[in-house]
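Asks: return atomic coordinates for the entry below.
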Amino acid sequence: MSDGLNHLIEVRKKLDAASPSLCLAKWLQVTLHLHNGHTHSCHHPDTHKVPLEEIAKDPSALHNT
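Replies: I've put the predicted structure just below:
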């Protein structure tokens, strides 16, 4: 198997050891709704307003606000 596939298998084993329902999307992706100033990293909860004061200090706050 390729190194990439082996890595994914190892990650899956570690995630399953923590919880079979753990999802990495919270840490690996973000959806920005620029038209209304909302964001979310997980599609289960509602979106929330982007904290403008927070991103003024640190633009990486767009992810996982």
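Asks: rest of the way, CA atoms for contacts and neighbours
Replies: Will do.
Asks: got the phi/psi numbers for H38?
Replies: phi -110, psi 160 (degrees, to the nearest 10).
Asks: what about it, distance to L24?
Replies: 20 Å (Cα to Cα, to the nearest Å).
Asks: more neighbours, those two?
Replies: A count of neighbours by other Cα atoms under 10 Å puts H38 above the other of H38 and L24, at 16 against 12.
Asks: and the more buried one, what does it touch?
Replies: Contact analysis of H38 by Cα atoms under 8 Å, 6 or more residues apart in numbering lists L32, T47, H48, K49, V50.
Asks: in contact with the first one, which residues are there?
Replies: Contact analysis of L32 by Cα under 8 Å, 6+ apart lists H38, T39, H40.
Asks: recalculate using a threshold of 6 Å.
Replies: L32 makes contacts with T39, as judged by Cα atoms under 6 Å, 6 or more residues apart in numbering.
Asks: surely it is in a strand?
Replies: Yes: counting by DSSP: H, G, I helix; E, B strand; the rest coil, L32 is found in a strand.
Asks: who wins for most neighbours among the contacts of H38?
Replies: Per-residue neighbour counts (other Cα under 10 Å) across the contacts of H38 peak at V50, which has 20 neighbours.
Asks: return the set of residues that bridge with the closest residue to it other than its chain neighbours.
Replies: Among residues not flanking V50 along the chain, H38 sits closest, at 5.3 Å (Cα to Cα, 6 or more residues apart in numbering). For H38, the beta-bridge partners are H33, K49 (DSSP bridges).
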